[in-house]
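Student: build me a model:
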Amino acid sequence: MSMSFPKKIFAGGVVAALVFGLLGGFLIQPAGAVSVEPSNGNENTNSGGSTPPVTTGACVGAAVDVREAALGTAWDKYSDSMKAAYATRSTDLKAAWLITSSTKARRTAIRAAWNKFETTRKNAKKTFNASRKTSWDTFNKARKACKGSFYDDQHDRGSDYVS
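Tutor: Residues are numbered from 1 along each chain as shown. Below is the predicted model of the structure:
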């Protein structure tokens, strides 16, 4: 039994990949790659400044804790404000729909309920955003105060950075 043409190409490709993976990986090194030699344990592991000292990591960790707690508190306040706004809107709309004296008065009361809700929503959002910005600004100041030998302003923007 002979293999069909596509199966021969696939089988040949698999064999070539295995051979290249086994031999080529040892023989060919990508440009800019650094070879790693075994350590005898006598080298200074922080000589290049790429490994943060433990104290700096703990300092930044404490700053992260403060930031996250402040963000959680800001979100709780925003959530409480919105819950109160929805409850107030519900009460105001029910009262507006009970107005039977005139359609115009009812319409005015309904608009007032929605406008009051929208104003409360916008104010809650502004307050939340201001608290969020303050939390991040405080974190960034604390993080910079923690800088150790690994700190680099060029690498300031990472997963823990918000402008």
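
Student: got any ranges where this structure has weak pLDDT?
Tutor: 1-55, 148-163 (pLDDT under 70).

Student: what segments of the chain are strands?
Tutor: Under the criterion DSSP state E, the chain carries no strands.

Student: can you give me the helices in it?
Tutor: 5-19, 25-27, 54-97, 103-145 (DSSP state H).

Student: can I get those helices in a markdown table including mean neighbour count?
Tutor: Yep, even glycine has a C-beta here, placed from its N, CA and C like the rest. Listed next are the helices of the chain as a markdown table, based on neighbours: other C-beta atoms under 10 Å:
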| stretch | mean neighbour count |
| --- | --- |
| helix 5-19 | 10 |
| helix 25-27 | 8 |
| helix 54-97 | 14 |
| helix 103-145 | 14 |
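
Student: was I right about R89 contacting A112?
Tutor: No. Counting by C-beta atoms under 8 Å, R89 stays clear of A112, with 10.5 Å between them.

Student: which residue, neighbours along the chain excluded, lies closest to A145?
Tutor: C59 (7.8 Å; C-beta to C-beta, 6 or more residues apart in numbering).

Student: surely the one you found touches F139?
Tutor: No. Using C-beta under 8 Å, C59 is not in contact with F139; the gap is 11.8 Å.

Student: related to what we said a few turns ago, how much space between the residue nearest to A145 and A130?
Tutor: Per C-beta to C-beta, to the nearest Å, C59 is found 26 Å from A130.

Student: before we move on, what about R107?
Tutor: R107 is 35 Å from A130, by C-beta to C-beta.

Student: what's the answer for W75, then?
Tutor: 13 Å.

Student: and W136, by the same measure?
Tutor: Taking C-beta to C-beta, one finds W136 at 11 Å from A130.

Student: likewise A124?
Tutor: 11 Å.

Student: residues in contact with A113?
Tutor: 89, 92-93, 96 (C-beta atoms under 8 Å, 6 or more residues apart in numbering).

Student: and the gap between it and A95?
Tutor: 8 Å.

Student: again with D137
Tutor: Taking C-beta to C-beta, one finds D137 at 42 Å from A95.
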